[in-house]
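**Q** I'd like to go over a predicted model; first the sequence, then the structure.
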Amino acid sequence: MKQATGVVTKALGNLLSVEFEGAIRQGEVGAVLLGDLSLMAEVIEIAGNQAKMQVFEDTKEVVYGAKVSFTGHLLEAELGPGLLGTVFDGLQNPLHKLAARSGLFLERGVYEPSLDREKRWLFTPSKEVQAPLVPGDLLGSVQEGNITHEIMLPFSCYGEWTLEFLAPQGEYQIEDAIAKIVDREGNLHEVTMLQRWPVKSPLQIGKKRSPEEVLNTGLRIIDTQFPILKGGTFCAPGPFGAGKTVLQQHLAKYSSVDIVVIVACGERAGEVVEVLETFPELVDQKTNRPLMERTVIICNTSSMPVAAREASVYMGTSIAEYYRQMGLDVLLLADSTSRWAQAMREMSGRLEEIPGQEAFPAYLASRIAAFYERSGVISSRGKTGSLTMGTTVSPSGGNFEEPVTQATLSVVGGFHALSRARSDARRYPAIDPLLSWTKYLPKVGKVMSTLLPNWTESVLACAKMVREGDEIGKRMEVVGEEGVSTQDMITYLKSELYESAYLQQNAFDPEDTYTPLERQLEMFRLLQHLFCQEFRFNTHDEARTHFLDLQHHLKNMNYLVYRSKEYQEAYRLIEEKIGLSAGVLV
């Protein structure tokens, strides 16, 4: 079939009007031809024989009458062995190859294959010839670091097939034919280890289930107070300097998942450079191998083409969905969706669409909802994989009432509100317990109650105590300590102890930066016994001295190696101080 062609008739920034001949479709990828240069573009609107295309590059030197060719393909992700440990741009160009070709400053119109065509992978078949096949069925596997990378029948092979040939165990390149399949009409097709999938189409083959398993992050304020489930969604909005990027880096390092996909969609280049510099040096606690071996980074910073921000979000999601189909637990971290929404607003304005609130497009909420809908737990071929989505939002001036934050809050299951005031007070992570919430606490409570009875009730009681302590603290700022009762003073001191000794963590301490679930349970049990006691103090100073002493010992225990001799001694000392003698939990 002859591919469609066209010519540029009008340009507005990176938005081109193209008069075309032939058949095209929305979302199709084309190329604007400038001599030896070819600029990648996407069709975003069609009216008659006129199409509007957004160019993923700088449109300098694009003139009236410039030729355009269409590929017949949608914007697609290349899926196969070799994704892990790679840094891509928003169009899945490997940045290390672009840098080797272009130097420090990337050139326009330079594109590289996403996956290495020359590398050979040891393929192990796992299917019998003449076996019936459907999309996503397992053909064999290769070893990608510590991950068994499953080679599946391409998801685009709709319908039923028969396996005619499967390559024996051996080393193959990703474009080598490792299988041949026959359709119902008897037509023969070759299958390679490389497949493609349109990034804006959800990849969900199998049965979608409700999230049930807890995602452990090592952050006490999240795991205890505002927990997340594998396959769930959460967001962390906050103003500049509140710690959004650092929070996401912690989740990438320590969350209990198999694969991490990081999407930098519009953040400052300096923050992404920090990720690129630190991640290759980090060691995965589960495997004692470099963390990058189970990480994919999609990098489209604020200094890169704005049109590629939307593509980068969907590209990262498609890669994450691909690994989920293998039965793996995947965590997708996007920083930040506000920059993606701003790119949508920019394109919407150029398309002269009717604006919504704050000039964002009227379809902003539906686009955000469709993005988060791609998360979840999928069961297929007897395996269950999950895709957990965590994003940051950068509301202007920290205003959580702006459209992007509100549209996000209406669809996510967890809300970790970052506070500039807490950050300025050096209370890290700066998640505000008064504003944050989670919908997953009841389900998490069922799991945790088997380890510690009345878990959900205890967490809710702590949340109530923090709110009451905050109100008492504000009252004392006005009337002084003498204006509150001793009982109110005790409530305030309890909430301060809970916040400083439990909810806060020191990211620079090798022990306190990550707290395993067992250690959280032990400490939370101590605190619950303490909070249930009735105290009688004669003066406010006497109460403060008692609680500050407890706070000092609890914080020091956070820095001790778990289950070490020093830790055991510190634990027993605190037990004596609060009148508990049951011993350390085992």
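**A** Structure received.
**Q** can you give me the helices in the stretch 401-550 of the chain?
**A** Remark: helices assigned in the stretch 401-550 of the chain by DSSP state H, counting those that start in this stretch are 403-409, 420-424, 441-448, 455-479, 486-498, 517-532, 540-558.
**Q** Least confident of those, on average?
**A** Here the lowest mean pLDDT among the helices of the stretch 401-550 of the chain goes to helix 420-424, at a mean of 89.
**Q** Using CSV, write out every CA atom in that helix.
**A** What follows is helix 420-424 as a C-alpha-only set of coordinates in CSV (Å, rounded to 0.1, in the frame of the first residue of the first chain):
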residue,chain,number,x,y,z
ARG,A,420,7.0,23.5,52.4
ALA,A,421,6.5,24.5,56.0
ARG,A,422,7.5,21.0,57.2
SER,A,423,10.5,21.0,54.8
ASP,A,424,11.6,24.4,56.2
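**Q** got the contact list for stretch 486-504?
**A** If you take C-beta atoms under 8 Å, 6 or more residues apart in numbering as the criterion, stretch 486-504 is touched by 220-221, 224-225, 427-429, 431, 433, 462, 465-466, 468-470, 472-473, 475-476, 481, 484, 523-524, 527, 530-531, 535, 537, 539-540, 543-544, 547, 550-551, 554-555, 558. For the C-beta atoms, the positions are set from N, CA and C on the backbone; glycine is no exception.
**Q** Keeping just the C-alphas, turn that stretch into CSV.
**A** Presented in CSV, the C-alpha positions along stretch 486-504 are these (Å, rounded to 0.1, in the frame of the first residue of the first chain):
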residue,chain,number,x,y,z
THR,A,486,-1.9,19.2,81.6
GLN,A,487,-3.9,16.5,79.7
ASP,A,488,-3.8,18.7,76.6
MET,A,489,0.0,19.2,77.1
ILE,A,490,0.4,15.4,77.3
THR,A,491,-1.5,14.9,74.0
TYR,A,492,0.7,17.5,72.4
LEU,A,493,3.9,15.9,73.6
LYS,A,494,2.7,12.4,72.4
SER,A,495,2.0,13.8,69.0
GLU,A,496,5.4,15.5,68.9
LEU,A,497,7.1,12.2,69.9
TYR,A,498,5.2,10.2,67.3
GLU,A,499,6.1,12.7,64.5
SER,A,500,9.8,13.2,65.4
ALA,A,501,10.7,9.7,66.5
TYR,A,502,8.5,7.6,64.1
LEU,A,503,7.2,9.6,61.1
GLN,A,504,10.5,11.4,60.5
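**Q** buried sites along it?
**A** 488-499, 501-504 (16 or more other C-beta atoms under 10 Å).
**Q** what residues are up against the spatially most central residue of the chain?
**A** For the chain, the residue nearest the mean C-alpha position is residue 333 (1.8 Å; C-alpha atoms, centre = their mean). Shown in contact with residue 333 (C-beta under 8 Å, 6+ apart): 248, 251, 252, 260, 261, 262, 263, 390, 391.
**Q** Switch the residues you listed over to a markdown table; also include pLDDT and neighbour count.
**A** Listed next are the contacts of residue 333 as a markdown table, based on pLDDT from 0 to 100; neighbours: other C-beta atoms under 10 Å:
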| residue | pLDDT | neighbour count |
| --- | --- | --- |
| 248 | 86 | 25 |
| 251 | 93 | 24 |
| 252 | 89 | 22 |
| 260 | 96 | 25 |
| 261 | 97 | 28 |
| 262 | 94 | 23 |
| 263 | 93 | 30 |
| 390 | 96 | 26 |
| 391 | 94 | 27 |
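**Q** Sitting in strands, which of these do you find?
**A** 260, 261, 262, 263, 390, 391 (DSSP state E).
**Q** In contact with the nearest residue to the last one once chain neighbours are set aside, which residues are there?
**A** Translated: residue 391. Counting by C-beta to C-beta, 6 or more residues apart in numbering, residue 334 is the residue found nearest to residue 391 once chain neighbours are left out, at 4.4 Å. Going by C-beta under 8 Å, 6+ apart, residue 334 touches 263, 265, 313, 316, 340, 389, 390, 391, 392.
**Q** Closest one of the ones in strands among the contacts of residue 333 to residue 135?
**A** Nearest to residue 135, judged by C-beta to C-beta, of the ones in strands among the contacts of residue 333 is residue 261 at 22.0 Å.
**Q** of all the contacts of residue 334, which comes closest to residue 176?
**A** For these, the residue nearest residue 176 by C-beta to C-beta is residue 316; the value is 27.4 Å.
**Q** How much space separates that closest one from residue 232?
**A** Separation of residue 316 from residue 232 (C-beta to C-beta, to the nearest Å): 17 Å.
**Q** rewinding a little: the residue nearest to residue 391 bridge partners, please.
**A** Beta-bridge partners for residue 334, by DSSP bridges, are residue 263, residue 391.
**Q** name the element the nearest residue to residue 63 once chain neighbours are set aside belongs to?
**A** The spatial neighbour of residue 63 that comes closest, neighbours along the chain excluded (C-beta to C-beta, 6+ apart), is residue 8 at 7.3 Å. Assessed by DSSP states H and E, residue 8 sits inside strand 5-12.
**Q** contacts for that strand?
**A** By C-beta under 8 Å, 6+ apart, the list of residues contacting strand 5-12 from outside reads 16-22, 30, 32, 50-51, 59, 62-70, 350.
**Q** Next step: those residues restricted to helices.
**A** Among these, DSSP state H puts residue 350 in helices.
**Q** And the contacts of strand 5-12, which of them are buried?
**A** Buried subset of these (neighbour count, 16+ other C-beta under 10 Å): 16, 17, 18, 20, 30, 32, 51, 59, 62, 66, 68, 70.
**Q** ok, the last one - contacts?
**A** It stands for residue 70. Contacts for residue 70 (C-beta under 8 Å, 6+ apart) come out as 3, 4, 5, 6, 20, 22, 24, 28, 29, 30, 43.
**Q** what residues are up against the closest residue to the second one other than its chain neighbours?
**A** Distances taken as C-beta to C-beta, 6+ apart place residue 22 nearest to residue 4, at 2.9 Å, with adjacent residues excluded. Residue 22 makes contacts with 2, 3, 4, 5, 70, as judged by C-beta under 8 Å, 6+ apart.
**Q** Can you tell me which of these has the most neighbours?
**A** Using other C-beta atoms under 10 Å as the neighbour criterion, residue 70 leads the contacts of residue 22 with 24 neighbours.
**Q** Now for the residue nearest to residue 519 when sequence neighbours are not counted: which residues touch it?
**A** When the adjacent residues along the chain are set aside, residue 519 lies closest to residue 562, with 5.2 Å between them (C-beta to C-beta, 6+ apart). By C-beta under 8 Å, 6+ apart, the contact set of residue 562 is 511, 516, 518, 519.
**Q** now what about stretch 90-98, what contacts it?
**A** Stretch 90-98 has contacts (C-beta under 8 Å, 6+ apart) with 40, 56, 75, 77-78, 86-89, 106, 110-112, 114, 265, 298-300, 304-305, 308-309, 311-312, 315.
**Q** filter the residues you listed to the buried ones?
**A** 40, 56, 75, 77-78, 86-89, 106, 111-112, 114, 265, 298-300, 304-305, 308-309, 311-312, 315.
**Q** Out of these, list just those in helices.
**A** Filtering the buried ones among the contacts of stretch 90-98 for helices - DSSP H - leaves 308, 309, 311, 312, 315.
**Q** mind checking how far the residue nearest to the fourth one when sequence neighbours are not counted is from residue 115?
**A** On the basis of C-beta to C-beta, 6+ apart, the spatially nearest residue to residue 312 that is not a chain neighbour turns out to be residue 90, at 3.3 Å. When distance is defined by C-beta to C-beta, residue 90 is 17 Å away from residue 115.
**Q** Which residue of the two possesses the greater neighbour count?
**A** A count of neighbours by other C-beta under 10 Å puts residue 90 above the other of residue 90 and residue 115, at 28 against 20.
**Q** Tell me the pLDDT of the more buried one.
**A** The model reports residue 90 with a pLDDT of 90.
**Q** Now do it against residue 73, distance only.
**A** Residue 90 is 17 Å from residue 73, where distance means C-beta to C-beta.
**Q** quick one: low-confidence parts of this protein?
**A** 1, 269-270, 303-304, 580-586 (pLDDT under 70).
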